[in-house]
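Visitor: A structural model of the following input is requested.
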Amino acid sequence: MPTTTNRFRLAASLTLALGAVFATAPASAVTLYSDDFESYAAGSDLIGQGGWASGFAGSVAPVSNGTYLPSKVLDGRTALGAGQINVVSRAIGSLDASLVTMLSVDAYATTDRSTTHNMAIFLTDRPDIGFTAAAGWFADHTGPGWKFTVNCCDVFDTAGGYDMPVKMSLVIDGAANEAWGTYDFGAGMLETPHYAVSDVYIASLDSLLAFIDHRGGTRGMEIDNLVLADNTRPIPEPSTLALSGLGIALVVLTSRQRRRVNTVTQPPRSNS
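Guide: Numbering: from 1, shown residues only. Sure, this is the predicted structure:
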């Protein structure tokens with residue numbers, strides 16, 4: 001039989017182990033949509049394939065073997081349909097305003113041409129250029145750099161990130177009603193400011209949209225590895241873990257103290 005002290009040590013060890021498991025376990029996620037463009041023929045138009053549709057009259061969205069990224073990409077450098085706005089979109093369904101949703105993407109923006117207009121990847125409320133709500137990233141021809149935008153108004157400027165593979169994401173946090181971006185331009189993952197968003201705004205974001213503007217020429221960018229996922233299992237707060245551990249410890253201590261009291265107050269047995 002384990003002694004009270006051993007029981008206490010065992011409970012404390014289990015409490016610490018439980019806390020470690022919850023603290024380190026990643027939150028599970030449900031992938032809503034992903035595309036690495038490998039299933040499309042190089043040189044083909046993404047529009048009309050895989051649920052992608054035109055978001056502007058006469059738009060084209062070429063798929064190519066990446067020049068800067070290592071596999072097939074959505075190629076915004078190829079000036080098919082030059083002189084116009086090319087928009088390609090895909091319906092994803094309304095976001096769940098009670099969850100944390102993340103759109104991640106790999107991209108490469110180039111400075112190999114002297115004139116440029118924008119290319120962007122957004123979540124929007126409409127699958128065309130007439131959107132009224134949009135959140136995401138676009139290559140900034142005045143930098144060069146990147147801009148992150150929310151609400152079509154809040155804009156955060158970043159420096160650099162051209163002529164190199166970059167990883168970016170858009171985070172929509174329905175629990176905190178915030179939206180922000182993350183980006184790694186070679187110095188580790190950084191965050192943009194957090195912007196307030198409403199449940200109505202979050203639920204309105206039902207389309208994935210790539211905007212490729214070839215008016216006047218473009219540097220453009222390549223896009224790959226789109227992943228849209230919902231985070232469905234929040235990690236317990238540290239305070240919750242601490243209270244749970246404290247509760248277990250208090251139960252063990254109370255049991256130990258009661259046994260001590262019973263030992264002291266119980267009269268000795270008579271040998272007669």
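
Visitor: and the pLDDT at the nearest residue to residue 47 once chain neighbours are set aside?
Guide: Spatial nearest neighbour of residue 47, chain neighbours left out: residue 54 (5.0 Å); criterion: C-beta to C-beta, 6 or more residues apart in numbering. To be clear about C-beta, it is placed using only N, CA and C from the backbone, and glycine gets the same treatment. What the model reports as pLDDT for residue 54 is 93.

Visitor: neighbours around residue 54, how many?
Guide: Neighbour count for residue 54, taken as other C-beta atoms under 10 Å: 19.

Visitor: now it. Its backbone dihedrals?
Guide: phi -70, psi 140 (degrees, to the nearest 10).

Visitor: identify the residues contacting it.
Guide: 47, 87-89 (C-beta atoms under 8 Å, 6 or more residues apart in numbering).

Visitor: using TSV, lay out the residues you listed together with distance to residue 178 and neighbour count.
Guide: Below are these laid out as TSV (distance: C-beta to C-beta, whole Å; neighbours: other C-beta atoms under 10 Å):
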residue	distance to residue 178	neighbour count
47	33	18
87	27	26
88	28	25
89	25	26
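
Visitor: show me the residues you listed that map onto strands.
Guide: 87-89 (DSSP state E).

Visitor: residue 186 is in contact with residue 165, isn't it?
Guide: No: contact between residue 186 and residue 165 fails when scored by C-beta atoms under 8 Å: they sit 9.3 Å apart.

Visitor: more crowded one of these two?
Guide: Each of residue 186 and residue 165 had its neighbours counted (other C-beta under 10 Å), and the higher figure belongs to residue 165 (18 against 9).

Visitor: would you mind listing the residues in contact with the more buried one?
Guide: By C-beta under 8 Å, 6+ apart, the contact set of residue 165 is 68-69, 106-108.

Visitor: report the two of these separated the most.
Guide: Greatest spatial distance among these (C-beta to C-beta): 68 and 106, at 10.2 Å.

Visitor: in the chain, which spans are helices?
Guide: Counting by DSSP state H, one finds helices in the chain at the ranges 4-24, 199-204, 238-265.

Visitor: now the chain, which segments are flagged as low pLDDT?
Guide: 1-27, 79-83, 112-118, 141-143, 215-219, 232-272 (pLDDT under 70).

Visitor: related to what we said a few turns ago, highest neighbour count among the contacts of residue 165?
Guide: Counting neighbours by other C-beta under 10 Å, residue 107 leads these with 26 neighbours.

Visitor: right, and that residue touches residue 224 too?
Guide: Yes: counting by C-beta under 8 Å, residue 107 touches residue 224, with 7.5 Å between them.

Visitor: list residues touching both of those two?
Guide: Contacts common to residue 107 and residue 224, judged by C-beta under 8 Å, 6+ apart, are residue 69.

Visitor: which strand residues bridge the nearest residue to residue 122 once chain neighbours are set aside?
Guide: Spatial nearest neighbour of residue 122, excluding adjacent residues (C-beta to C-beta, 6+ apart): residue 136 at 3.7 Å. Taking DSSP bridges as the rule, residue 136 bridges to residue 122, residue 149.

Visitor: who are the contact partners of residue 136?
Guide: Residue 136 neighbours (C-beta under 8 Å, 6+ apart): 103, 120-123, 148-149, 170, 181.

Visitor: what does residue 170 give?
Guide: 102-103, 123, 135-137, 148, 179, 181.

Visitor: recalculate using a threshold of 7 Å.
Guide: Counting by C-beta atoms under 7 Å, 6 or more residues apart in numbering, residue 170 touches 102-103, 123, 135-136, 181.

Visitor: among those residues, which one lies nearest to residue 228?
Guide: residue 103 (5.0 Å).

Visitor: what's the burial count for the closest one?
Guide: By the criterion of other C-beta under 10 Å, residue 103 has 26 neighbours.

Visitor: hang on, isn't it packed against residue 171?
Guide: No: contact criterion C-beta atoms under 7 Å: residue 103 and residue 171 do not qualify, at 8.2 Å.

Visitor: quick one: the nearest residue to residue 120 once chain neighbours are set aside and residue 39, what's the gap?
Guide: Using C-beta to C-beta, 6+ apart and skipping residues adjacent in sequence, the residue nearest residue 120 is residue 138, 3.3 Å away. To residue 39, residue 138 is 26 Å away according to C-beta to C-beta, to the nearest Å.
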